[in-house]
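*Asks:* model this:
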Amino acid sequence: MKSTEQAITTVFDSEPDSQMHEYKLELEKICNELLKFGLTKNQAKVFIYLGKYGSRTSPEVCKALKLPRTETYNVLNDLLNLGIISSEFHHPTKYSALPMNKAILTMVNDAQENVNKLAKKELEVAQLWNKVPSFDSSLTDGKLEKFQMLQGIPRINNKLKEMIKDAKNEIKIICTEKDLSRFYYSDFLDMLGNLPIDVKLIISPTQKIPRFIQTLDRSKIRLMPTNDVDNQCFIVKDSDEVLVFLRNADQTSRNAFAFWTDTNSLISSMKKLFNYSWQNSLPLDFERFLKHHYN
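*Replies:* Have a look, this model is predicted:
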């Protein structure tokens, strides 16, 4: 009887004025984080319950979390298929959760394997696509200018990687110190350093330069210590693409916002702005800058 009551009354049922409520709030945070790994809310809740209450049968999970019997059975099977819980040789069958670190590693590896499979399909799907002609004559009547609104660092980073990968002649960048750090941790600076094209970078405004910049070709970098606009950031690729941050590194990763286009008039204007800024900026004297700002 005592075991049944313990299974029915859980930390998830705790009231705000109880000692268990603090733990409930922490587990809700963990539940929300597990959703980012592809679990549903009920899958995350069942995993957490098994992880904190130990081995349980399907009926015990059903009663404790107040889930429908059929859904409980389906959730347990899904978690088994994901490899983050195991079933025990016991009658009735009991289920137990993997340690959290092993469960996360399992989900990450599974997601990476799926990504690798999709990447291998890229060429195959593209070839199939190109075999079928376009049935709208307007698609071949000349280039239509396009634009995209990009929100969130993942989407923006994907577009930047496409631009860098397709660059044939030049990449021109104006960014702030914070943008520069974000580019560094996203591996963009390494990508740019390996390109056999003309790369130019203006950092504006400049008060403190991260030490990792000394690994770059200083002839490609200039500094603008003062600027009326202190959050300006844009990237021009060749003469056919431009990406402008409307909300950049001053914002959280989720709130970052950018505008991409291949409109000739805007690209030309941004290139002129870059060239003017390049002429009025200062060459990078890294040793002098370090001495002035770090000593």
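*Asks:* in this structure, spot the helix with the most residues.
*Replies:* helix 100-131 (DSSP state H).
*Asks:* residues of that one that come out buried?
*Replies:* In terms of neighbour count (16 or more other CB atoms under 10 Å), helix 100-131 has its buried residues at 103, 107. (Each C-beta comes from the backbone N, C-alpha and C, glycine too.)
*Asks:* what's the first helix or strand after that helix?
*Replies:* The first helix or strand that comes after helix 100-131 along the chain, using DSSP states H and E, is strand 147-151.
*Asks:* what's that following strand in contact with?
*Replies:* With contact meaning CB atoms under 8 Å, 6 or more residues apart in numbering, strand 147-151 is reached by 156, 159, 243, 255-263.
*Asks:* element containing the spatially most central residue of the chain?
*Replies:* Residue closest to the mean C-alpha point of the chain, counted by CA atoms, centre = their mean, is P154 at 3.7 Å. Taking DSSP H and E as the criterion, the element that holds P154 is helix 153-166.
*Asks:* now tell me what touches that helix from outside.
*Replies:* The contact list for helix 153-166, computed with CB under 8 Å, 6+ apart, reads 148, 150, 171, 182, 186, 188, 191-192, 195, 235, 237, 241, 243, 245, 253-254, 256, 258, 260.
*Asks:* could you redo the last one with a cut-off of 6 Å?
*Replies:* 150, 186, 191, 237, 241, 253, 256, 258, 260 (CB atoms under 6 Å, 6 or more residues apart in numbering).
*Asks:* centre of the chain versus the longest helix of the chain, how much separation?
*Replies:* Distance of helix 100-131 from its chain centroid, counting by CA atoms, centre = their mean, to the nearest Å, is 16 Å.
*Asks:* quick one: list the elements packing against it.
*Replies:* If you count contacts as 3 or more CB pairs under 6 Å, 6 or more residues apart in numbering; DSSP states H and E, helix 100-131 packs onto no helix or strand.
*Asks:* mind redoing it with 10 Å?
*Replies:* Other helices and strands packing on helix 100-131, by 3 or more CB pairs under 10 Å, 6 or more residues apart in numbering; DSSP states H and E, are helix 21-35, helix 41-53, helix 69-82.
*Asks:* per-residue pLDDT of the residue nearest to the centre of the chain, please?
*Replies:* P154 is assigned a predicted lDDT (pLDDT) of 84.
*Asks:* and what of the one 10 residues further on?
*Replies:* Among the per-residue scores, I164 shows a pLDDT of 89.
*Asks:* what is the burial count for it?
*Replies:* 18 (other CB atoms under 10 Å).
*Asks:* domains in this protein, by residue range?
*Replies:* Listed by automatic domain parsing, the domain ranges of the chain are 2-99, 144-294.
*Asks:* by mean pLDDT, show me the worst of these.
*Replies:* Among those, domain 144-294 has the lowest mean pLDDT, at a mean of 80.
*Asks:* check contacts around the nearest residue to L246 once chain neighbours are set aside.
*Replies:* Spatial nearest neighbour of L246, chain neighbours left out: F257 (4.7 Å); criterion: CB to CB, 6 or more residues apart in numbering. Going by CB atoms under 10 Å, 6 or more residues apart in numbering, F257 touches 149-152, 155-156, 244-248, 251.
*Asks:* and the buried ones among the contacts of strand 147-151, selectable in PyMOL?
*Replies:* Entered in PyMOL, the line below selects the buried ones among these, by 16+ other CB under 10 Å:
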select buried, resi 156+159+243+256+257+258+260+261+262
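*Asks:* ok, back up a step: out of the helices and strands packed on helix 100-131, which comes closest to V11?
*Replies:* The closest of the helices and strands packed on helix 100-131 to V11 is helix 21-35. By CB to CB, the value is 5.2 Å.
*Asks:* quick check: phi and psi on the residue nearest to Y73 when sequence neighbours are not counted?
*Replies:* Spatial nearest neighbour of Y73, excluding adjacent residues (CB to CB, 6+ apart): S58 at 5.8 Å. Main-chain torsions, S58, degrees, to the nearest 10: phi -60, psi -50.
*Asks:* for S58, what are its contacts?
*Replies:* Contacts of S58 by CB under 10 Å, 6+ apart are 46, 67, 69, 72-73, 75-77, 87, 92-95.
*Asks:* and which of those is nearest A119?
*Replies:* The closest of the contacts of S58, once distances to A119 are taken by CB to CB, is N77, at 28.9 Å.
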